[in-house]
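Novice: Everything below, folded, please.
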Amino acid sequence: MTTSTTTMNPHPRHAFEDFAPGQVREFGGRRVDKDEGLAFAAAYDPQPLHLDEAAAEASVLGGLSVSGWHTCAMVMRMMCDAYLLDSTSQGSPGIDKLRWLKPVRPGDTLRVRMTVLQTRVSQSRPQIGLVLSAWEVFNQHEEAVMSMEGWGMFGRRQPVAP
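Specialist: Below is the predicted model of the structure:
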């Protein structure tokens with residue numbers, strides 16, 4: 001597992017101005033660990049289809065799968081490692097769309113394609129830019145397993161008075 005420092009970079013590489021509509025970034029390559037998936041499910045999503053192989057086989061998923069929320073957490077980590085930790089990120093007001101398209105199984109390898117859909121400067125906080133992105137998550141078979149869409153808030157490289 002990759003680890004990163006929690007100290008913000010005083011000279012981040014990615015700022016609002018670095019996101020343009022139509023821009024695509026691909027990153028990831030994270031292998032889904034069975035023990036990690038079981039631990040996450042036990043703590044946060046203790047449904048039998050995420051914890052018990054026999055129950056999972058009998059479910060509509062046809063086998064053990066990690067929680068969709070665990071998939072979201074893994075994608076968040078990949079986003080942090082790919083660009084957020086070296087950016088002017090100011091967080092997010094939320095995710096507008098989230099879909100779990102196929103089960104994510106232990107042993108899968110996930111990668112992410114992020115497409116910038118829209119950018120705009122905040123009217124109430126002009127020192128912040130808003131970036132609407134779509135993220136598609138694929139397994140090692142190039143099957144889409146999750147999609148989400150939401151806004152990120154990034155500081156502008158050229159400061160603007162509030």
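Novice: Output the contacting helices and strands for the longest helix along the chain.
Specialist: When the chain is parsed with DSSP state H, its longest helix is helix 68-82. When contacts are defined as 3 or more CB pairs under 8 Å, 6 or more residues apart in numbering; DSSP states H and E, helix 68-82 sits against strand 24-31, helix 34-44, strand 94-100, strand 109-121, strand 128-138, strand 144-155. Where you see a C-beta, it was placed from the backbone N, CA and C, and this is true even at glycine.
Novice: Name the stretch among the ones you listed that sits most buried.
Specialist: Mean neighbour count, computed with mean count of other CB atoms under 10 Å, is highest for strand 128-138 among the helices and strands packed on helix 68-82, reaching a mean of 20.
Novice: got a list of contacts for that strand?
Specialist: Residues outside strand 128-138 that contact it (CB atoms under 8 Å, 6 or more residues apart in numbering): 15-17, 19, 28, 71, 75, 79, 90, 110-122, 144-156.
Novice: three-state assignment of Glu57?
Specialist: Per DSSP: H, G, I helix; E, B strand; the rest coil, the secondary structure class of Glu57 is helix.
Novice: quick one: average confidence on stretch 93-103?
Specialist: Stretch 93-103 carries an average pLDDT of 97.
Novice: Would you mind listing where this structure has pLDDT under the threshold?
Specialist: 1-9, 159-162 (pLDDT under 70).
Novice: distance of the residue lying closest to Phe19 once chain neighbours are set aside from Glu142?
Specialist: The spatially closest residue to Phe19, leaving aside those adjacent along the chain, is Val131, at 4.5 Å (CB to CB, 6 or more residues apart in numbering). Distance of Val131 to Glu142, computed by CB to CB, to the nearest Å: 26 Å.
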